[in-house]
Structure formats: structure tokens, C-alpha cells
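*Asks:* Just need the structure, nothing else, for what follows:
(chains A, B, C and D)
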4 protein chains.
Amino acid sequence: MIVAMQEKATEDQIDAVIDALVEAGVNVHRTTGASQTILAAVGQTSNLDPHKFELLSGVLYVHRISSPYKLAGRGFRPEGTVVEFRNGVKIGNQRVAVMAGPCSIENHDQIFETAARVKAAGGTFLRGGAFKPRSSPYAFQGMGIPGLKLMREAADAHGLLTVSEVMEISQIEPMFPYIDLYQVGARNMQNFNLLRELGQVRKPVLLKRGIAATIEELLLSSEYIMAGGNYNVILCERGIRTYETATRNTMDISAIPIVKKLSHLPIVGDPSHGTGRRDMVAPMARAAVAAGADAILVEVHPNADKAASDAAQTLYLEQFDQLMCELRVIASAVGREL
Amino acid sequence: MIVAMQEKATEDQIDAVIDALVEAGVNVHRTTGASQTILAAVGQTSNLDPHKFELLSGVLYVHRISSPYKLAGRGFRPEGTVVEFRNGVKIGNQRVAVMAGPCSIENHDQIFETAARVKAAGGTFLRGGAFKPRSSPYAFQGMGIPGLKLMREAADAHGLLTVSEVMEISQIEPMFPYIDLYQVGARNMQNFNLLRELGQVRKPVLLKRGIAATIEELLLSSEYIMAGGNYNVILCERGIRTYETATRNTMDISAIPIVKKLSHLPIVGDPSHGTGRRDMVAPMARAAVAAGADAILVEVHPNADKAASDAAQTLYLEQFDQLMCELRVIASAVGREL
Amino acid sequence: MIVAMQEKATEDQIDAVIDALVEAGVNVHRTTGASQTILAAVGQTSNLDPHKFELLSGVLYVHRISSPYKLAGRGFRPEGTVVEFRNGVKIGNQRVAVMAGPCSIENHDQIFETAARVKAAGGTFLRGGAFKPRSSPYAFQGMGIPGLKLMREAADAHGLLTVSEVMEISQIEPMFPYIDLYQVGARNMQNFNLLRELGQVRKPVLLKRGIAATIEELLLSSEYIMAGGNYNVILCERGIRTYETATRNTMDISAIPIVKKLSHLPIVGDPSHGTGRRDMVAPMARAAVAAGADAILVEVHPNADKAASDAAQTLYLEQFDQLMCELRVIASAVGREL
Amino acid sequence: MIVAMQEKATEDQIDAVIDALVEAGVNVHRTTGASQTILAAVGQTSNLDPHKFELLSGVLYVHRISSPYKLAGRGFRPEGTVVEFRNGVKIGNQRVAVMAGPCSIENHDQIFETAARVKAAGGTFLRGGAFKPRSSPYAFQGMGIPGLKLMREAADAHGLLTVSEVMEISQIEPMFPYIDLYQVGARNMQNFNLLRELGQVRKPVLLKRGIAATIEELLLSSEYIMAGGNYNVILCERGIRTYETATRNTMDISAIPIVKKLSHLPIVGDPSHGTGRRDMVAPMARAAVAAGADAILVEVHPNADKAASDAAQTLYLEQFDQLMCELRVIASAVGREL
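*Replies:* Below is the predicted model:
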């Protein structure tokens, strides 16, 4: 941690800051410049609250040097994390994975038809929501565990893996038999209790970035899971809130290369939530793969117009087939395959 | 324009709003719902200020229906605008163009070496800045018109076109002989006087989106140029300001497909300014082409580390060559070539 | 809901949109302008998803007219809601309330000393956190229910009411005997399950705006609580995320008069979280009251420097006394008292 | 400037960074921690580009310590700047100034009537725009210099000072005889050429914050003016762009106390542009004074509904009178007068 003193700080002020730092249990290294004194705190600084020192007399400002995440940092695993699933499918290696399916699991035919098409087009994961806390109490609330059973059967019938959102700690256990990848939604990115519990589970977790979360905060949230011993974390960019209103969110494609640089964790692009519009899904899926995403998560439905939720951002099956062809070429441009 | 009345609005309030609309010269169409009355203003509404009516008693809010841009709207030229240059190069057709060169033109060798490499790699435009209003009065201020002459010579020697930023009305005329495309920077996107003058010029204009501008505002700015009769406008996405601090700006890749839908004008991606970091330029250039950009604008320099300006975001020549190869494959994925 | 057709939309396209609207159960009112056709959907439009219609052929865009919140809208109770507590204290009337106390309840002396000072200075609520899900598993996690008991005793000893944050459904019941006002934190603003449960409780709820939530979303969230029959909802502005980094958040003071206009619910300003810096708390508390806030929520601690959490934004007791004097004068300027 | 090395940085990497810093002309102070090495660059660091060093191998990131502004920093004039005008009126002292008038100067009666009322209510400055580059070429473009002459006469008749916006370098000289304070609009905050010219002028400058500008950037812009020798700079907060759409901009009231802490320059609040709505002007003007603003700039018009520009945000004269009464009380709450 660096404490920069004001240009006219007195020796008494500087000494008071040094004392406060030493009292907090760190060593202090002083650099006296022509016009300014800088104090570097060395040692166990991760528990220090920079704001506390910022208010001391004579302090210009305080800056934390060491990145606040440790386990998620690139330096922890310079070679990159590859998450391996029970059927041998991997995320984070040279093959780009595709996760596709409806927003909500609705019935047998819907999920089986989707599974067949996802598999045929080259996807490896079937996605589908079972718990849908909707704005209106009269809207479809999801099929719950019976829906997950259906999805599991459909996935098994076609050799796919499954991913679905977990919204509460109490859902972790009942979901366990049916899914291969727990998805944590954007609104729960900082639900630390949920993250901690998922750290105890022995299944991979897909952690979505909150719509107002910085990349640093996303990495910090991933540490909660890893701190429990579950290192199989996959991050997901799905759009952030900006002043632009032409799209529901602004999908931050640059987060993909930034995460690859700062962290060893794989990262997935979700263009369906990132844009909220069917006609923007394909361009943004292509952009995500071109920028280096390890996987793509898209909503697709055999009868997209009648989907029980998120209809407007759900691809028709033919659009999905077409997208897969385009992604295959783009993957090759960045030395990968799909 | 739609005026939505509050649920408990009285007949007197409604009549007063209708009178105000009629006085403003438009026809009013009234829809009386079970709980709410809605007034639709029909006619010459583009000069109405919605805010004025919003403050009338009993009004819930006012919403403008017709898109405030006319000439820039997709409906004006559904087939899309293709800007053609004197050597036959086109922007907006099936071929993706590449504009590359240093941030600042520095000297003969620098610009000639760059031109040779840009041409060899398949670029069609040489870019370079001549006027650099820098933060520090002691920093390099640009070579001015002599720099543009050098760039012209270098471009002609290799069959390239030239693009450079115009910052003031007084620069339009002296720049004319040396450049093929006037670039308007992000800070000048709403310099309406400059835009109006460029509407009188018979050379294409590259209009960059401001860092806090919506896509609608970008399209509105383009109308200033077109209103003068200069329809050869090319738009450019170069990053917007968001809360994220890991990158200098957040390059809004989704602006590319949105602009293609809303407007007939070509759109270019500028990943150098969009990210501010050399290591992010290639991923974001690829993403832009994958999302449908008509051209890419990148900073490249034979000695990038020593560039007089923007060194940190300038590509090495070898990086540029490598990027061109990747873009060629990605262009083919979206049915284009480079 | 208004559907604006593109300027060149065909009759077939228009008919298809009308059919889709009628099928969705609403009446359609058509306005044919010189250049554009507008369709107004009248009837039960609140369940329509505007995005669905936006994707139909020939549609320019879709706009929802009726405000999506009903119970929270000003029209529902034009005279404004006044929340009354068991000791006769009211929020939403002409008296500005002050809620103060430590971020975390730490021990008997801390909370009793704070209570005495809050009361002496004219406050009516004692605040204090009992559950603290902290970043580090080694940091202070809060005293839990025993802490709330302590706060209850301290409050009762001085005739104060209590407010504390509820983080999970399971905490609602155990907290019930000890608190007078449930606080929902910014991160839980869209935890719809929690909000629904609080709708069943017969105690008032203080609902904080999320750091990326619009005012409309805040009002929509309040509807979840009111829909259950609990109309005693108080809103709270505590800072939003913007590009500015000089403060932790940007406290949106303008949200206060906007909420007063759009809704009948009282609104509170929280300058401690809004700024994150002790030296900004007083100016922003004054600004909130000047802008029309019904109450102020501030962090104060007998030994602010040593507070177990949020030390940097916690007022010293003398600062709090001084602030109360200033607020008293400002309240009088806006026709209120404190 | 601080360069933080990655945890696993090699000695070779560290040496290379030290060499690069030394070559750039600064001294390097090395702190070797248990897990990380930190390099502090001491000396003439203000010309260093942090981004350049960020890209060196083994660097985690680079942080500039010394604030990039010098003349605008609080340390430069700890007692604060008081700008004095020719009639003895001061801005920055214990008296809060009020600047009021129409958006556009329209005719003799309008400006004389406004001046009389501004003076009667206790204002000290008459404001009015003479150059109005409007969206539509058919809209009112402003009266130009003849308008400024009218405003000067009206102001002189009532003992007021004048303030008006300068939009181009060429306007500086013709405006000089008629105005007491040059206003630089938000869109020109980074028009460095204009700022530099105003540094040569011997009249105070009111510099408005850009809608996407950080407070640091505002202070940096003020340095351009001061660097030329004109230290009479007054800053102005007028709203920033955020994701919230309920107001045109989000007026950042917290910028007022932050600027008072970081800088010695006076700061003014402009609630008319900050909100864009007449009914929000008074609450936000009160908030600005409560937060410590040195002056208020508001739009007022004898016939606000018919104002030639910005009608929706212009106060009626009676509203202005009422506001002045409220501000007088609030000023007293913060130890000032009006």
C-alpha cells in the first residue's frame, strides 16, 4: 500500500502516518522526493483499509498496490486453468465450447428437440432455467427440479452436459444430481454466502459478472469460491450498464482479453443477455470468440417466438446453426477450433 | 410525438394539452383508455421540444416517436451507403478496409516505412495526425501541413489513400489537397459549426463517436454533414466512458451491428483508442470485424515504443502483419473479404 | 404501449403487427401519419413484453406508455404516504427524521453511548448492523441476534426506534422482536423472494436503491413489498455507480425530488454510503435535506477511528452534533423541522 | 510514479524497468517485499506516460502518485482563491453569489425586465447567451454581439455584472467590452486551444465540467487557463451522464465538496442544465448551496414558457424569488450569506 503525502505535509504529519501504519502491523519504507514524501507499506497489507489512512492529516491519497485477489490472479497459475468435465469436455483449452438452450425449461418436447439440435450443430452443453423469479407473480415461475430432471434426460440422450442457474443456497443440493455446471447469475455475483457454499461443492461454477461490477470485483467474487477449495470457476461476461439505451446492456467485449491477461480462469461470452435482442446475438457471439472467449452461452428455442421467457433474445434454431458455422471459421482465425 | 396523461388527469388538463399542441402546429389524435388518455401529435413534430409539454399540468410524460434523424436513418437508403474514393476503393461494400499508420506524422522515414508496410499487408488507407493539441505545451504539437504533404507523398508512392484529423474550420481548406478522408475526432462530434462546414466540402468525412455520446447522438451529428449535401459520411466507434477502469474506455462493439440496423452509413472500428493498450488492439480489431465493421482504423509505427504520441496503444509492425492475417479469416466468416 | 412502424412499412407488415397485438389480448388504435403509422395498444398491456413486438418486421420501435409500477406511483396516493411507528414517530410528514448509529453493533458500551448521543442530538432512530458478510472470512462478521438485543435495550433506554439490515428470508423472523424498521441493502434491491416475504410482514421496510438501479427499478422493487399488503415502504438513495472515481459512489441527490414527484413513498438520504468518506458526509446530508429528503441515515460511532467496519465513512460524535444543528436550519428553509 | 511488479517478476525484468525509468530521466527507489517488488520513480515524473511502462514485461501496473495538476491543487493556495470583480463583488468568499438570466438574450424588454428582477431578488450577475449553435438550422441562433450590448446596458442599469458563453477563439475579443466573466461550456471543457487563449485574457473565466469529465479532468483543464497567467478561474458543476434516464443529466452535488478539498478554485452549481427540468431546479439549487457551492447559476425568464431556448428548464420569476428566500436560509446554515 502506498501513502502519498501532500506536498506541504509536515514532519509531524508524516510521523503520525508512519506510526499508524506500524501500529497496523506493516513495515514502512519512506521515499522523500523534492516536493513530496511517499510511504510504502510492506508486509501483510491485504487487511488494511486504505480509506482509513486517507483521512489522516497531511495525506494526499492512499493506493493499494498488491492486487486484492490472489487465487484468481494470472500469477497463481500462469499456464491457465482448464476445467474438465466428467465426459472429457474441457473449457479453457484450445477448443471453444458452446452452451445453448432455452431460457426456461418448459416441457419434454421443447428440451429434447433443443438438445438434439444443439448436439447436431456441435454444442457441448445444454442450458435451461428451472427457477424463474419473475417480476409478475402471475408469470411463469419455472418448472423447478422436475424441469432439471427433464433437461438431464435430454442431455444424456444426446451426450451433452448441463448448466443451470442456482439462486439460493437451498437449491445447491437438490440440483446436484442433474447439472454439471452451476451458474451464478449477475444479481448474485456478490451474494457471498452463496459463493462460499459453492466453494464447498465439487462441481464447476459459472460466475456471471454483475451489470455494475468491475472486472476486479468479478475476480474478487471468484476468490470466494476458490477459497473453499473449488478451483473450477468459469467467468462470464453478459453486459454492463452504461448510459447507452439502444441495447439493454453494453456487452463489454474488452473484458474478455482483459480477464485472460489478469486471471488464469476461463471466460465465456453471453450475447443473449448482453444485448437482449435476437438480431444482435450472432454478431456479438462472433465478436466474443474473435476476442478470445473460451465458450459461448446462447439462448435457443425450437419455437423462439413463443418462449415462456426471454423470447426477444432467443435464437431460432436455424439462426443457431448458421452461427455455429460462422464461429467455426472465426475460431480458426485465432488458432482454436469449435 | 406521444403525450401520455396521468391516470387521474382531468378533462380540463387534457384540453389544455391538446390546445398547446394545436397551437404548436400539429394535429392531435386522442386515444382514451380505461385508465389513461394518450395524445398522439401528428404532422411536423420534429421541431417540437418534448420537454415543454412534459411540464404541463396532468402530463405523465412525453415521448418522441419519429426518429430525430432523417437522412441518417436506414429508411433513407435501405440498400446502404457505399463511399467510393478516387482510386476506386470503397467503404461500405463487401470488402473490409484497413486504415493504419502512426498517431502523429513525425518524419520522412517513419511515414514512408509505415506506408510500405501498410500496403504490403493489404491496407488501403494511411492514417497520421498533423495537429496535436497536447496536454503539455512542451509536448510534440504535430508537424502541421508539411506533415500532411509527407504523408501524401508516402501514400502516393504506395497507392494508398490518406486520412487525417481536422480540428478547426480553418484547417479544412489547407488540408484539402493532401487528404482523401477528413477525420472528425470524438471531442468534436458535437462541434456543429465544424460539421456544417464539412457538409459543404466534396470529400468524405469519418465521424468519431464522442466518449459520452449515444448512438442516436452520433447519427444526429452525421445529419449536420449530410444536410449540407455531403452524403459521404463514415461513422466510427472508438470507445465510450463507463465505470470500468481496467481499460481507458469501453469499446462498444455492439454499436457496430446497431448502427448497421439503424442507419445506412458505413461504420469503422478503432481499437487503438477504444482500448488504449497495445495488447488489446488485436482482440478488439478482430471483434469489430466479426461484429460487422466495414473498416478498421489502427495505430501502427515502425518504432512503436518511441512514437511521439500514443506509444502505449500503437502496434509493432509485426503485430500488424499478424492481425491482418487473422482479420482476413474472420472477414470470410461473415461473408466478406479484406 | 405504442408501436411505431418504420417510414416505409407496408400494409402487410402493419396488419401483421395489429394481428399480433390483438392476439395478445389488447385493442389497437391506429394513427396514420403522412410518413409513418403508429399503433397504440389499449387495455391490459402491463403483461406485454415490448421486446417481442420490436422484432416484428417493419417495426421501428416499441414504447411502453403506462408506468410499469402502479402501487408505488404518485397517482395511487396523491397526498403521500406517512409511515407511522409505534411510538408515534412518523416518516413522510413535515418533520425530517434522523437515523444514526454505528455500521456494526460491537458491544454494550458502544451502542449505549451512541444511543445517548443520537437521542440528545435529536435523532429518532438508532441504526446498527448485526450481520456482516465481509470480504475476508477473518474479518468481523457481526454480533447477530445478540447484537440486535443490545441495540433494542439501548434504544429503549433512550426512547429511540431501531433499524437494521435483513439479508436473508431466514433472518426476518428472529429479527422481528428487536427492530422497528427492516432495512434492505442495495445488493438485495432485486432479491424478489426476500421482498415478497417482507410484503407479508407487519413492520415497515427501508428499501435501498441498488448501485446500478434506475429510479424506475427502485419503484418496481417497492411494488413487490406492497403487493403483499405491506404499504409501509420507505425508499433510500445511497449512491450510484458512475465513471467518476473521486468518490466511491455518486450520491444522486436529484433522485430525491424525482422520487417525490413520481411516487408517494417517503425517501431517505444515506450520505455515509453515498460518499464513503467522513469529510463528505455532512455536505451531502445537508444537500439531501435541502433537496427534500424525509430522513437522513448516517453512520456515527463513539470511537469512529476504531469502528469494526466502515470506519472511514463514520462520523465522530461531535461532527454529528454539528451536523444536526446545520440540518435544523436547512429543514426550516424548506418549510420543515427536525 | 509507482511501478508495481508482478509477484513472479524476475530480476532481469525488474532491471529492465529500472533502466527504462532512468533513461526517462527520473530516479528510482526500490522496495523489495516478501512477494512483490515496487519501484518508485522520483523526480520530474509529470511528463512520463504511465501507459508506456505498463506494457513492459513483468509489470503488474503503474500508478501516478503526484496529482497531475499543480496550479489548480489546493496546496498551491491553501487559503482558497477569491475572484474579485470590478464592482467589488467577489466569488469564493463567505458570500454566495447568484447568477441568473435567460438562456438566450432575445430583446430589450426581456433582458431589462429580467435584470430588474434578478437585482431585486439579490442576484449579482446577469447571464444570457448570445451565440446558440442549435440542432436545427431553422432554430433561433442567438443575437450575437448586439445581444451582448443589450445585456451590458441592462446589467449596468441595475448594477449587475454579466456572464456569457464564449464558443470560439474569434469571439473572445468582440465579447470583451460587454462581459465580466467568460463562460466556457461543457462541450468546450477540453478545447485546449480556446482555454489557452483565455489564459491570456485579463478577465475571469467560468469553466463548466464536461458531461463525461472526471473532476480530475476538470482541474486539468483549468490549468490550461492558469498556465497563461489568468488565475481567475471559477469551476462549475452542471450534471454528468450516467445510466439514469429520469433526468437529462445527473447533477453531481458531491463534486462540490470534493472540488473544495482538492482545489483552491471557487465552484458554482448550475441546476438548470444539471436537471433540465424546471421543477427540479429549486431543489438542486438548494442542495448545491447546502453542499458548499460558492455561487448558483440559474435560468430565469419573464415569460419562461415562451423562452426561445431551454424553456423547459427555465424558472418563472416568482419561482426565482421564492428560491432566493430559501437559499438565504440555507446559506446561513453553512455559515455564509447571500
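
*Asks:* Chain C contacts on the stretch 151-300 of chain A?
*Replies:* Proximity of the stretch 151-300 of chain A to chain C, by Cβ under 8 Å from any Cβ of the partner chain, involves residues A:168, A:187, A:190-193, A:196, A:210-212, A:220, A:227, A:241, A:276-279. To be clear about C-beta, it is placed using only N, CA and C from the backbone, and glycine gets the same treatment.

*Asks:* wait, does the lengthiest helix in chain A contact chain C?
*Replies:* Secondary structure of chain A per DSSP state H: the longest helix is helix A:317-333. No: Helix A:317-333 stays clear of chain C (Cβ under 8 Å from any Cβ), getting no nearer than 11.9 Å.

*Asks:* ok, residues contacting that helix?
*Replies:* Under the contact criterion Cβ atoms under 8 Å, 6 or more residues apart in numbering or on different chains, helix A:317-333 has outside partners A:96, A:98, A:100, A:114, A:117-118, A:121-123, A:278, A:281-282, A:285-286, A:289-290, A:296, A:298, A:300-302, A:315, A:337-338, B:286, B:290, B:326-327, B:329-330, B:332-334.

*Asks:* pLDDT on it, on average?
*Replies:* Mean pLDDT, helix A:317-333: 96.

*Asks:* Pull out the buried members of the contacts of helix A:317-333.
*Replies:* In terms of neighbour count (16 or more other Cβ atoms under 10 Å in any protein chain shown), the buried residues within those are A:96, A:98, A:100, A:114, A:117-118, A:121-123, A:278, A:281-282, A:285-286, A:289-290, A:296, A:298, A:300-302, A:315, A:338, B:286, B:290, B:326-327, B:329-330, B:332-334.

*Asks:* Sort out for me which of those residues are in strands.
*Replies:* Those of these mapping onto strands are A:98, A:100, A:296, A:298, per DSSP state E.

*Asks:* what residues are up against residue A:36?
*Replies:* Each residue near residue A:36 by Cβ under 8 Å, 6+ apart is listed here: A:4-7, A:60, D:65-66.

*Asks:* Give me the below-cutoff pLDDT ranges for chain A.
*Replies:* Chain A contains residues with pLDDT under 70 at A:34, A:46, A:66-67, A:133-140.

*Asks:* okay, now the domains of it?
*Replies:* For chain A, the structural domains run A:2-66, A:83-333, going by automatic domain parsing.

*Asks:* Turn those domains into TSV, including distance to residue C:175.
*Replies:* TSV is the format used below for the domains of chain A (distance: least, Cβ to Cβ, whole Å):
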stretch	distance to residue C:175
domain A:2-66	27
domain A:83-333	16
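
*Asks:* Need the winner for burial among the ones you listed.
*Replies:* domain A:83-333 (a mean of 21; mean count of other Cβ atoms under 10 Å in any protein chain shown).

*Asks:* Helices of the stretch 201-338 of chain A, residue ranges please.
*Replies:* Secondary structure of the stretch 201-338 of chain A (DSSP state H, counting those that start in this stretch): helices located at A:215-227, A:255-262, A:271-275, A:278-290, A:317-333.

*Asks:* and of the ones you listed, who's closest to residue B:21?
*Replies:* Comparing the helices of the stretch 201-338 of chain A by their distance to residue B:21 (Cβ to Cβ), the top pick is helix A:278-290, with 34.6 Å.

*Asks:* Show me what the closest one is packed up against.
*Replies:* When contacts are defined as 3 or more Cβ pairs under 8 Å, 6 or more residues apart in numbering or on different chains; DSSP states H and E, helix A:278-290 packs onto strand A:267-269, helix A:271-275, strand A:295-299, helix A:317-333, helix B:255-262, helix B:278-290, helix B:317-333.

*Asks:* Of the contacts of residue A:36, which is the nearest to chain B?
*Replies:* Nearest to chain B among those, counting by Cβ to the nearest Cβ, is residue D:66 at 14.2 Å.

*Asks:* who in the stretch 151-300 of chain A is up against chain B?
*Replies:* Checking the stretch 151-300 of chain A against chain B by Cβ under 8 Å from any Cβ, the hits are A:212, A:214-216, A:240, A:242-247, A:250-258, A:261-262, A:274-275, A:279-280, A:283-284, A:286-292.

*Asks:* circling back: now tabulate the contacts of residue A:36 in TSV and tack on distance to residue B:54.
*Replies:* Formatted as TSV, these follow (distance: Cβ to Cβ, whole Å):
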residue	distance to residue B:54
A:4	47
A:5	51
A:6	47
A:7	49
A:60	45
D:65	48
D:66	47
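
*Asks:* Among the residues you listed, which one sits closest to residue D:306?
*Replies:* Distances from residue D:306 to the contacts of residue A:36, taken by Cβ to Cβ, are shortest for residue A:60, at 50.9 Å.

*Asks:* before we move on, back to that, which of the contacts of residue A:36 fall within strands?
*Replies:* A:4-5, A:60.

*Asks:* quick one: which of the helices and strands packed on helix A:278-290 is nearest residue D:70?
*Replies:* Shortest distance between residue D:70 and the helices and strands packed on helix A:278-290, using Cβ to Cβ, is found for helix B:278-290: 29.7 Å.

*Asks:* quick revisit: and the longest helix of chain A, how far from the chain's centre?
*Replies:* Centroid displacement of helix A:317-333 relative to its chain, using Cα atoms, centre = their mean, to the nearest Å, is 23 Å.

*Asks:* how much does that helix deviate in direction from strand A:295-299?
*Replies:* Helix A:317-333 and strand A:295-299 are oriented at 170 degrees to each other (axes from the mean of the first three to the mean of the last three Cα atoms, to 10 degrees).

*Asks:* export helix A:317-333 as PDB, just CAs?
*Replies:* Taking C-alpha atoms only, helix A:317-333 is exported to PDB below (Å, rounded to 0.1, in the frame of the first residue of the first chain):
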ATOM      1  CA  LEU A 317     -32.800 -23.000 -34.500                       C
ATOM      2  CA  GLU A 318     -31.800 -22.100 -38.000                       C
ATOM      3  CA  GLN A 319     -30.000 -18.900 -36.700                       C
ATOM      4  CA  PHE A 320     -28.100 -21.100 -34.300                       C
ATOM      5  CA  ASP A 321     -27.000 -23.500 -37.000                       C
ATOM      6  CA  GLN A 322     -25.800 -20.600 -39.100                       C
ATOM      7  CA  LEU A 323     -24.000 -19.000 -36.100                       C
ATOM      8  CA  MET A 324     -22.200 -22.200 -35.400                       C
ATOM      9  CA  CYS A 325     -20.800 -22.300 -38.900                       C
ATOM     10  CA  GLU A 326     -19.500 -18.700 -38.600                       C
ATOM     11  CA  LEU A 327     -18.000 -19.400 -35.200                       C
ATOM     12  CA  ARG A 328     -16.100 -22.400 -36.600                       C
ATOM     13  CA  VAL A 329     -14.300 -20.100 -39.100                       C
ATOM     14  CA  ILE A 330     -13.600 -17.400 -36.500                       C
ATOM     15  CA  ALA A 331     -12.200 -19.900 -34.000                       C
ATOM     16  CA  SER A 332      -9.700 -21.000 -36.700                       C
ATOM     17  CA  ALA A 333      -8.700 -17.400 -37.200                       C
END
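
*Asks:* Close to chain D: what parts of the stretch 1-150 of chain A are there?
*Replies:* A:2, A:4, A:6-8, A:29, A:31, A:33-36, A:38, A:40, A:42-43, A:60, A:63, A:65-67, A:73-75, A:78.

*Asks:* Understood, closing this out.
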